[in-house]
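Colleague: quick one, structure for this:
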Amino acid sequence: FSLVKDGLEVDPLKFNRWVRLLATLDRETNGMLYRCKAVLAQAGSTRKLIFHAVADVVEQQELGEWREGETRGCKIVFIGKNLKREWFEEGFMKTTRPIRLQFPDP
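Modeller: Down below sits the predicted model:
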């Protein structure tokens, strides 16, 4: 399943804490997460945060600026078996807030 949340950005510290929770996921309770990918707006930055996790390998990097007129927000995809959507969605949403950074007028 995926989540698309326009107008929200992740708090980098909260997001990284949540990512650590993914690594210790209780598979019987919350399902088996195989892979997770995301393109995220991040607080305090005009650059996109790219996130990718497979098993216990996690990668994050900033990649490119949000273009003028491009809708900033968070897009994240979870791939797995018997995933408890509520747990993933609630946990992820706790890392977000409304976008505060605005692009300067031309």
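
Colleague: packing partners for the helix or strand of the chain with the lowest mean pLDDT?
Modeller: Within the chain, no helix or strand scores below helix 27-30, which has a mean of 88 by mean pLDDT, DSSP states H and E. Contacts defined by 3 or more C-beta pairs under 8 Å, 6 or more residues apart in numbering; DSSP states H and E place helix 27-30 against helix 85-93. Quick note: C-beta positions are derived from backbone N, CA and C, even for glycine.

Colleague: residues touching E65, list them.
Modeller: With contacts defined as C-beta atoms under 8 Å, 6 or more residues apart in numbering, the neighbours of E65 are 46-48.

Colleague: most surrounded residue in the residues you listed?
Modeller: Using other C-beta atoms under 10 Å as the neighbour test, these are led by K48, with 18 neighbours.

Colleague: CA atoms of the one helix or strand it maps to as PDB?
Modeller: For K48, the host element (DSSP states H and E) is strand 47-54. Only the C-alpha atoms of strand 47-54 are listed here, as PDB (Å, rounded to 0.1, in the frame of the first residue of the first chain):
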ATOM      1  CA  ARG A  47      15.600  19.300  -1.300                       C
ATOM      2  CA  LYS A  48      13.800  16.000  -1.700                       C
ATOM      3  CA  LEU A  49      14.700  13.200   0.800                       C
ATOM      4  CA  ILE A  50      14.800   9.900  -0.900                       C
ATOM      5  CA  PHE A  51      14.400   6.800   1.400                       C
ATOM      6  CA  HIS A  52      14.800   3.200   0.500                       C
ATOM      7  CA  ALA A  53      14.800   0.100   2.800                       C
ATOM      8  CA  VAL A  54      15.200  -3.600   1.900                       C
END
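
Colleague: need phi/psi at the closest residue to W66 other than its chain neighbours.
Modeller: Nearest residue to W66, sequence neighbours excluded (C-beta to C-beta, 6 or more residues apart in numbering): R72, at 5.2 Å. In terms of degrees, to the nearest 10, the main-chain angles of R72 are phi -80, psi 150.

Colleague: show me the longest helix that occurs in this protein.
Modeller: Using DSSP state H to define each element, the chain has its longest helix at helix 12-23.
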